[in-house]
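> Sequence first, predicted model second:
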Amino acid sequence: MTTTNSRFNRRDMVYIAIFGTLWGLAEATLGALLHLLHVPLSGAILASIGMSIILIARRLNDRRGSTLLMALLAASVKMLSFSTVKLGPFVAILLEGMLLELVLSLMGTGSMAFLVSALTTAAYPILQSVATKSILFGKSFVPVILDLVAGFSERIGYQAGWWVLGIYLFLHLLIALAAAGFSWILLKRRDNQTEGFSP
Amino acid sequence: MKLWRSRRFWLALLVLMALLNLRVCPLAISIGILAVAHFFNPGTWRPLRNIRFWIVISLLVILVPLFTGDLESRFLGMRYSQAQLDQMLLMALRGIDVFLLFQILTTDLDSRRARQVLERLHLSQFDILFTISKESLPTIRSILKARTSQFRARGGRIQVRRLIPYAGTILQDMILLAEQLSGEEQLPDVPEYGQLVKEAGETPTLILVCADPGAGKSPWVNGLYEHLEAAGKSIGGIVSLKVRESEDSWHHEMQDLLTGDRQPLNTMDNLPDTRKAGKFSFYPGAFQWGCERIRKAVGASWVIVDEVGIMELQGKGLHAGLSALDDAARGHVVLTLRNSLVDRFQDQLPDLWPQLAQRPRIVVQLPKTLAALEGLDSQQ
């Protein structure tokens, strides 16, 4: 599947604006709620919701560069929804947009692109978390955690540490795949309804 | 403001220098950094009160010494590594201090200034996007709020089966909004009033005006009323008027088209022992008033009833008035109803009002508009 490479017309701009705003609103409202309720894996949940909106918007209006602009808009909406600026979420949304722009520009908007987007989204919060924690706690953070997993497995047995880590990674993957599948079903459902109205 | 004249810059530099020397006296330096952060803005260390912040630190300080390194020390019968505990305490203090440094750098940055920076960047086409976003934001909010209220009103557990139609409806709303803003929405043809009158001719006809809630059925029939009045036709019946009390509350009134009299129909206040639909309680006697006014209109050349809802299809509400029309009306009958009820209405019509069912029928489909999306609240 190919992407149209041209300047954005009025329709493109409106689609980017509507879905970018929707993403920003979801981040601002749902993000605050998840944070308030201390929901585990909230980063993965928010990233997957963002991916879902990106995939739908891109499929409806397949323009190269649109995802990046959507991310910039969503990040701005989220940043300006607070009375003071929070740079962390701004950067996180922008990075997610850049990664998915890359995937969708290279692969189009077919089922394989949805799958790769899900894998990217699953990996992204983990990488972001590792990068943030390494900045906070130092470069030995990752080796310390791996030592902990190994030590835990040795003391408890049954490879328990690796199982916990594996389940943590699997949950990220599951959330992202579910979100991509959800978007795919929604789009197919819409396609079928649209076909129903065709002459 | 020049960078080197800002308090934020100098305090951040001070904290950075302290951080680089953290190993010299970790606890004292960390307390000093906390004091500097507090002096700059007490809000900087507020996020430290969040339990999430301490999860990773607890993981490091408690679990790492228990499971890694040489477990040569004992505490409450548990073996742990003192060397690992010291290293983890240092890591934890570093984590807190680096976090405070970022907080000093970013806390209290004015969002208005950030907006100015974004505007000053003159990113290609971004300012246009931002303007569209600002203009569409209230509508998007309104759609999300209304759809979520609908979803919650249906009750039950959150299940994927229910989430898909919910998200699908929001998706359709967003697409509709985008298409309308980009000017590509194909609006259905709505007949002009004159054209409708001509099409109805002299044969008594049943005219159904169908639309989504809030799409403008009442304004449309008001326009028809004015057109018919100007043409010298006799018009009777009732129309519903939405009377807004505040941003979040409103009620409906019925207006008699023959006399202009009004009667309150419902209220959002919880009236005891009255009929209820959604968040509205209906005034006792309101429907009886409506039915009487419809009965008085049977001789008019045009009778309008705005609107026929689920209660009328269940033999309640204005059902008796409509039955009077069925028996005695000689002119055209105009009924408004929601799109979601059209099929059910057409199925039940022969049983409920057989004379009306035999009339020639004209269906006026009003387009879905942004007003309809924004007016979704009104159906809750």
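Alright, I've got the coordinates. Residues are numbered from 1 along each chain as shown, chains lettered A, B, ... in the order given.
> any idea which element the residue nearest the centre of chain A lies in?
The centroid of chain A falls nearest to residue A:47 when counting by CA atoms, centre = their mean (3.0 Å). Assigned by DSSP states H and E, residue A:47 belongs to helix A:42-60.
> That helix near chain B anywhere?
Yes - using CB under 8 Å from any CB of the partner chain, helix A:42-60 reaches chain B at A:56, A:60. For the C-beta atoms, the positions are set from N, CA and C on the backbone; glycine is no exception.
> Around chain A, pick out the residues from the stretch 151-300 of chain B.
So the stretch 151-300 of chain B meets chain A at B:160, B:163-164, B:167-168, B:171-172, B:174-175, B:177-178, B:181-184 (CB under 8 Å from any CB).
> which of the residues you listed are buried?
Among those, those buried by neighbour count (16 or more other CB atoms under 10 Å in any protein chain shown) are B:167, B:168, B:171, B:174, B:175, B:177, B:178, B:181, B:182.
> picking that back up, shouldn't the residue nearest to the centre of chain A be in contact with residue A:123?
No - between residue A:47 and residue A:123 there is no contact under CB atoms under 8 Å: 10.0 Å.
> Report all helices and strands that the helix or strand in which residue A:117 is found contacts.
Using DSSP H and E, residue A:117 sits within helix A:111-137. Helices and strands touching helix A:111-137, as assessed by 3 or more CB pairs under 8 Å, 6 or more residues apart in numbering or on different chains; DSSP states H and E, comprise helix A:42-60, helix A:87-107, helix A:141-156, helix A:160-197, helix B:82-106.
> and those, which is most packed in?
Comparing those by mean neighbour count (mean count of other CB atoms under 10 Å in any protein chain shown), helix A:42-60 ranks first with a mean of 24.
> quick one, that one and helix A:160-197 angle?
On the basis of axes from the mean of the first three to the mean of the last three CA atoms, to 10 degrees, helix A:42-60 is oriented at 30 degrees to helix A:160-197.
> Could you list every helix and strand in contact with the following helix or strand past helix A:42-60?
Counting by DSSP H and E, the next helix or strand C-terminal to helix A:42-60 is helix A:66-81. Taking 3+ CB pairs under 8 Å, 6+ apart as contact, the helices and strands that helix A:66-81 lies on are helix A:10-36, helix A:42-60, helix A:87-107, helix B:111-121, helix B:126-153.
> what about the second one, distance to the chain center?
What separates the centre of helix A:42-60 from the centre of its chain is 5 Å, taken as CA atoms, centre = their mean, to the nearest Å.
> And for the last one?
Taking CA atoms, centre = their mean, one finds the center of helix B:126-153 at 7 Å from the center of the full chain.
> Identify each buried residue in that helix, please.
So for helix B:126-153, counting by 16+ other CB under 10 Å, buried means B:126, B:129-130, B:132-133, B:136-137, B:139-140, B:142-144, B:146-147, B:149, B:151.
> by how many degrees do that helix and helix A:10-36 diverge?
Interaxial angle, helix B:126-153 versus helix A:10-36 (the same axes, to 10 degrees): 60 degrees.
> Would you mind giving the orientation angle of helix B:126-153 with respect to helix A:66-81?
Between the axes of helix B:126-153 and helix A:66-81, defined by the same axes, to 10 degrees, the angle is 70 degrees.
> following helix B:126-153, which helix or strand shows up next?
As the chain continues past helix B:126-153, the following element, by DSSP H and E, is helix B:160-181.
> immediately after that next one, which helix or strand?
Sequence order places helix B:193-200 as the next helix or strand after helix B:160-181, per DSSP H and E.
> helices and strands around that next one, which ones?
By 3+ CB pairs under 8 Å, 6+ apart, helix B:193-200 packs against helix B:217-230, strand B:361-365.
> of all those, which gets the most neighbours per residue?
The highest mean neighbour count among the helices and strands packed on helix B:193-200, using mean count of other CB under 10 Å, belongs to helix B:217-230: a mean of 17.
> mind listing what's buried in the following helix or strand past it?
Remark: after helix B:217-230, the chain's next helix or strand is strand B:235-244, criterion DSSP H and E. By 16+ other CB under 10 Å, the buried positions in strand B:235-244 come out as B:235, B:236, B:237, B:238, B:239, B:240.
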